[in-house]
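> this one's structure only:
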């Protein structure tokens with residue numbers, strides 16, 4: 001059932017008022033564990049700042065990160081892969097984490113970060129990590145809340161905010177994803193659905209908003225400690241203070257011997273490390289060694305991305321270069337790539353803000369795996385086009401999770417970056433590290449489903465005036 005957003009949130013118990021960040025910081029230090037976020041696309045860093053991001057995971061790189069960072073991200077981009085390849089990738093990353101941790105003597109916690117609209121390899125990744133780490137007794141915490149993107153969980157139902165309505169996630173276009181569709185908005189039913197019936201609804205625990213807001217950290221810690229080993233637990237949440245209560249409770253339950261594996265969106269990450277919010281970045285924060293134009297790459301097909309793209313092309317003084325997906329997938333693919341590359345090169349060379357975007361007619365396969373393969377072919381074409389651009393842009397904005405990962409890792413050669421913060425809520429900005437194609441450049445990771453119709457236009461115009 002759809003709910004009125006403002007009225008519903010006002011009807012809830014009042015949020016926990018005590019500032020828990022100092023206590024969380026102390027608890028995180030006592031836990032003496034590095035927090036690792038295995039991100040299935042690059043958008044999970046949309047709530048943090050001053051945190052490193054790795055796009056490759058050799059043991060030596062992980063070992064170095066263990067020695068210098070209490071928290072870091074590993075971008076697996078596994079949502080772009082078929083299930084069996086995602087399993088192999090998660091297995092490889094997990095084994096390398098275990099080796100690096102062993103060699104440094106560090107303990108660690110793991111978040112399997114996925115989409116706030118419930119898309120991704122839910123069962124495959126949870127079961128793989130559980131097996132590799134030997135964490136069969138870990139309670140799996142399911143926390144898809146992401147407030148900046150309008151994702152809330154109330155009475156175990158996950159909602160997506162649309163205007164002044166809270167829409168159950170299964171009633172949104174995201175639930176019809178050709179690769180990761182689902183039928184259940186209630187997270188207990190969602191878990192049963194995604195686990196193929198291997199988990200009964202009544203066996204899933206739940207941390208309610210009553211527990212969080214009236215009981216506080218101690219009540220939630222008791223409930224978490226009482227969850228059966230190896231079970232799933234759903235966490236309800238509607239704002240950051242809810243996450244702070246849960247984070248402190250997690251450490252309380254860990255001190256009583258409980259282990260957790262997290263399957264979450266982005267909201268819980270800063271809470272678990274006691275990271276205070278930072279003001280949004282302004283145009284003055286985008287000093288860059290490069291002095292060219294902005295380069296915008298749009299691969300996401302979700303409805304909001306298409307609306308934002310249309311607004312940008314109409315209302316901002318940008319040069320649009322369309323990649324015709326149907327032609328790309330035909331026998332004329334190389335010709336289409338060369339055409340788009342040439343047009344983009346001329347525009348970037350003239351220092352005009354340039355938008356490279358895929359045609360808006362979504363092309364899917366007969367199966368989920370075929371659809372993923374088509375997405376991979378399109379991503380490869382975008383990579384080739386960006387690789388072929390000769391003039392250095394002042395910044396790059398990539399729209400969509402898979403697009404953001406592939407442009408950063410494969411077209412710009414970034415193996416390590418640091419999250420500077422967010423330019424608008426839910427849209428992180430990285431500073432690319434040494435060894436990338438453009439060291440020190442600002443890279444904007446713009447999730448497909450975040451923002452309003454004007455958001456991408458607002459960002460591009462703000463950066464133009466700040467140049």
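Looks like it came in fine. Given the structure is predicted, the values throughout are model-derived calculations rather than measurements.
> and the closest residue to residue 266 other than its chain neighbours, how many residues sit next to it?
Distances taken as C-beta to C-beta, 6 or more residues apart in numbering place residue 47 nearest to residue 266, at 4.4 Å, with adjacent residues excluded. For every residue, glycine as well, the C-beta is placed using N, CA and C. A count of nearby residues for residue 47, using other C-beta atoms under 10 Å, gives 26.
> Could you verify my assumption that residue 47 touches residue 273?
No: assessed by C-beta atoms under 8 Å, residue 47 is found out of contact with residue 273, at 10.8 Å.
> If you tally nearby residues, what's the number for residue 361?
Residue 361, neighbours per other C-beta under 10 Å, totals 9.
> scratch that, residue 201 is what I was asking about
15.
> Look up how far residue 71 lies from the residue nearest to residue 266.
12 Å (C-beta to C-beta, to the nearest Å).
> who touches the one helix or strand residue 64 maps to?
Taking DSSP states H and E as the criterion, residue 64 maps to helix 59-68. For helix 59-68, the surrounding residues in contact (C-beta atoms under 8 Å, 6 or more residues apart in numbering) are 34, 52, 54, 72, 74, 96-97, 99-101, 103-104, 106, 108, 415-416.
> Buried subset of those residues, written for ChimeraX?
Burial among the contacts of helix 59-68 is assessed by 16 or more other C-beta atoms under 10 Å; the matching ChimeraX selection reads:
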select :34,52,54,72,74,96,97,100,101,104,106,108,415,416
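> Give me the helices and strands touching the helix or strand in which residue 233 is found, please.
Assigned by DSSP H and E, residue 233 belongs to strand 232-235. On a contact count with 3 or more C-beta pairs under 8 Å, 6 or more residues apart in numbering; DSSP states H and E, strand 232-235 meets strand 139-143, helix 187-194, strand 205-207.
> Please identify the deepest-packed of those.
strand 139-143 (a mean of 25; mean count of other C-beta atoms under 10 Å).
> Name every strand pairing with it and say which way it goes.
Applying DSSP bridges, strand 139-143 is found paired with strand 232-235 (parallel), strand 260-264 (parallel).
> what's the closest of those to residue 460?
strand 260-264 (30.4 Å; C-beta to C-beta).
> burial of residue 138, as a residue count?
21.
> Quick one: residues contacting it.
Contacts of residue 138 (C-beta under 8 Å, 6+ apart): 130, 229, 230, 259, 260, 261.
> What separation is there between it and residue 441?
On the measure of C-beta to C-beta, residue 138 and residue 441 end up 39 Å apart.
> quick one: residue 415 from residue 285, how far?
From residue 415 to residue 285 the distance is 23 Å (C-beta to C-beta).
> again but with residue 438, I slipped
17 Å.
> again with residue 61
Taken as C-beta to C-beta, the span from residue 61 to residue 285 is 27 Å.
> neighbour count winner among the two?
Taking other C-beta under 10 Å, residue 61 and residue 285 do not tie; residue 61 has more neighbours (18 against 15).
> Strands of the stretch 151-300 of the chain, start to end?
151-154, 157-162, 165-168, 205-207, 232-235, 260-264, 294-298 (DSSP state E, counting those that start in this stretch).
> Make JSON lines out of those and add distance to residue 454 and mean pLDDT.
Shown next, in JSON lines, are the strands of the stretch 151-300 of the chain (distance: least, C-beta to C-beta, whole Å; pLDDT from 0 to 100):
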{"stretch": "strand 151-154", "distance to residue 454": "20", "mean pLDDT": "98"}
{"stretch": "strand 157-162", "distance to residue 454": "16", "mean pLDDT": "97"}
{"stretch": "strand 165-168", "distance to residue 454": "20", "mean pLDDT": "98"}
{"stretch": "strand 205-207", "distance to residue 454": "36", "mean pLDDT": "98"}
{"stretch": "strand 232-235", "distance to residue 454": "32", "mean pLDDT": "98"}
{"stretch": "strand 260-264", "distance to residue 454": "29", "mean pLDDT": "98"}
{"stretch": "strand 294-298", "distance to residue 454": "15", "mean pLDDT": "95"}
